[in-house]
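Q: Curious how this folds, go ahead:
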Amino acid sequence: MVDYDVIVIGGGASGMMCAIQSAKRGLKVLILEHNEKLGKKLYITGKGRCNLTNDSSVENHLNNIVTNNKFMYSALNAFTPKDTIEFFQKYVKLKTERGNRVFPVSDKSSDVIKALAKYLNEYNVEIKLNTDVLDLTKNNDIFYIKCDNNIKYTTYNVVIATGGVSYPGTGSTGFGYNVAKKFSHTVVEPKGALIPIRVNEDVSNLNGLSLKNVRLFVKIGKTEYSEFGEMMFTYNSLTGPIALTISSKINKLDIKNQTISIDFKPALDVNELNNKFIREFKENSKKELKTYLYSVLPRRFVDYIFEKYYIINKKIADITRTDRSNLVNLIKKFDFSIKSLDNVEVGIITSGGVDTREINSKTCESKLVSGLYFVGEVLDVDALTGGYNLQIAWSTGFLAGNSIKGR
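A: Numbering: from 1, shown residues only. Predicted coordinates for the structure are as follows:
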């Protein structure tokens, strides 16, 4: 006798959603989770606030998916961002912030997890925590799952919802990739996405410095990748919203030693900035250059520029036309040399994973093995920040949960 209609391996966002939808249809469902609690990565998303979706159109979501957005068409239309909001509003008060980002009013991701737990309980989903899956096999129509402590389960359907390899402390070990390969699936090489960009220069003195209203850009081949907004330095890299966004757009390219640049005054072109300096240099001719620049750029960055380029601090009255032109060029295009992206483990999400060409986009079922489903981050689908990645998890989980056949 088979134990369950569905066993979901992985109790994160997509796994819980899939289990809820399957059980809601009357199927007997078990979640196997090797952590001590469900939703461990979900708990830290959005800096602990949980940006659970983006209150915008399906089209906008598709436009913010970097990899394999066409694959997500059916899933996003089956369970839209509006559906996500309605689903959670049963148990959580929500609010919408800048950029249509949706959060719990409490700013606590734990409230989202509690809502999911209520749904799981409501539909009698069984949960086994602290359980490691050691092996998964299939014989005829039945899957056999061997866990630690010599526990064994059987099921007609298995859902792999184990995430990628980012944030391994939350349980993302890459286990799902091993399962996929065992069943002859192609796994696209996992890479970090939404991840800091390491530079060759020593930027340790800028660690923690935040820049606002700047443009960050990099040109690779004939394509320029550009983002406007906020960024930050770490001791060896560029991070913050616009750097992380660019990292997701270039992570599959040859970026070593490519130039990435900051435009500190994107609202002004070179001529406008030059004319501004001409006017203000006349008004501040008795000031020292460094003192004046402290009013233009962050103090620490001014010190960094002077040290990096061996600039001599002198009176503005003594600044030559060439000096001024060089300064304008530095402010409009301050260059760094890319060393690499940071280690994949520190990426907010993983890019790469199970090749979507081998997955039915209308069900999330394997095209190679009937009854085997892949949902969430384990798939080769990733998006930009703003709630789009969690929506991928909810939508794929929902789609699979409503596609699985009972017996």
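Q: Which stretches in this protein count as helices?
A: Assigned by DSSP state H, the helices in the chain fall at 13-24, 40-44, 58-63, 73-78, 81-89, 109-122, 175-182, 241-250, 270-283, 289-293, 299-308, 321-332, 388-401.
Q: Any idea which of those gets closest to residue 372?
A: helix 175-182 (8.2 Å; Cβ to Cβ). The C-beta positions use only the backbone N, C-alpha and C, and glycine is treated the same way.
Q: Report the buried residues of that closest one.
A: 175, 176, 177, 179, 180 (16 or more other Cβ atoms under 10 Å).
Q: roughly how far is that helix from the heart of the chain?
A: Helix 175-182 sits 22 Å away from the centroid of its parent chain (Cα atoms, centre = their mean, to the nearest Å).
Q: Kindly report the same for stretch 250-264.
A: 18 Å.
Q: Quick one: end-to-end distance for it.
A: 22 Å (Cα to Cα, to the nearest Å).
Q: Equivalent analysis for stretch 364-372, please.
A: End-to-end distance (Cα to Cα), stretch 364-372: 9 Å.
Q: shift numbering so it begins at 46
A: Sounds good: first residue 46 from here, last item stretch 409-417.
Q: Can you list the low-confidence ranges for this structure?
A: The chain contains residues with pLDDT under 70 at 212-217.
Q: Give the buried residues for stretch 74-92.
A: 74-80, 83-91.
Q: what do you get for stretch 412-419?
A: 414, 416, 417, 418, 419.
Q: which phi and psi does the nearest residue to the first one once chain neighbours are set aside have?
A: Nearest residue to residue 414, sequence neighbours excluded (Cβ to Cβ, 6 or more residues apart in numbering): residue 228, at 4.9 Å. Geometry field for residue 228 lists phi and psi as phi -100, psi 30, criterion degrees, to the nearest 10.
Q: Just checking the distance from stretch 195-215 to the centre of its chain.
A: Mean-position distance between stretch 195-215 and its chain equals 21 Å (Cα atoms, centre = their mean).
Q: Just the CA trace of that stretch, in PDB.
A: What follows is stretch 195-215, C-alpha atoms only, in PDB (Å, rounded to 0.1, in the frame of the first residue of the first chain):
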ATOM      1  CA  ASN A 195      16.100   4.200   8.300                       C
ATOM      2  CA  ILE A 196      12.600   5.800   7.700                       C
ATOM      3  CA  LYS A 197      11.100   4.900   4.300                       C
ATOM      4  CA  TYR A 198       8.100   6.400   2.500                       C
ATOM      5  CA  THR A 199       6.200   5.600  -0.700                       C
ATOM      6  CA  THR A 200       4.200   7.900  -2.900                       C
ATOM      7  CA  TYR A 201       2.800   8.300  -6.400                       C
ATOM      8  CA  ASN A 202       4.100  11.800  -6.800                       C
ATOM      9  CA  VAL A 203       7.200  13.600  -5.600                       C
ATOM     10  CA  VAL A 204       7.700  17.400  -5.600                       C
ATOM     11  CA  ILE A 205      11.300  18.700  -5.400                       C
ATOM     12  CA  ALA A 206      11.100  22.100  -3.600                       C
ATOM     13  CA  THR A 207      14.600  22.200  -2.200                       C
ATOM     14  CA  GLY A 208      15.800  25.600  -3.400                       C
ATOM     15  CA  GLY A 209      19.200  26.300  -4.900                       C
ATOM     16  CA  VAL A 210      22.600  26.700  -3.300                       C
ATOM     17  CA  SER A 211      22.400  30.200  -1.900                       C
ATOM     18  CA  TYR A 212      22.300  30.700   1.800                       C
ATOM     19  CA  PRO A 213      23.200  27.100   2.700                       C
ATOM     20  CA  GLY A 214      22.600  27.900   6.300                       C
ATOM     21  CA  THR A 215      18.900  27.900   5.500                       C
END
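Q: Quick one: closest of the helices of the chain to residue 201.
A: Nearest of those (Cβ to Cβ): helix 58-69, 11.3 Å.
Q: got the angle for that closest one vs helix 126-134?
A: Inter-element angle recorded for helix 58-69 and helix 126-134: 80 degrees (by axes from the mean of the first three to the mean of the last three Cα atoms, to 10 degrees).
Q: so what's residue 330 closest to, chain neighbours aside?
A: residue 362 (4.2 Å).
Q: I'd say residue 221 and residue 207 touch.
A: Yes: using Cβ atoms under 8 Å, residue 221 is in contact with residue 207, at 3.7 Å.
Q: Mutual contacts of those two, please.
A: Shared contacts of residue 221 and residue 207 (Cβ atoms under 8 Å, 6 or more residues apart in numbering): 54, 55, 423.
Q: quick one: contacts for the last one?
A: When you say that, I think you mean residue 423. So residue 423 contacts 55, 205, 206, 207, 208, 209, 221, 222, 225, 398, 399 (Cβ under 8 Å, 6+ apart).
Q: My guess is the fifth one contacts residue 86. True?
A: Yes: the pair formed by residue 208 and residue 86 meets the contact definition of Cβ under 8 Å, at 6.6 Å.
Q: Please work out how many residues are found near the residue nearest to residue 198 when sequence neighbours are not counted.
A: Spatial nearest neighbour of residue 198, excluding adjacent residues (Cβ to Cβ, 6+ apart): residue 190 at 4.6 Å. Neighbour count of residue 190, defined by other Cβ atoms under 10 Å: 22.
Q: Check the gap between residue 190 and residue 403 for me.
A: According to Cβ to Cβ, to the nearest Å, residue 190 and residue 403 sit 21 Å apart.
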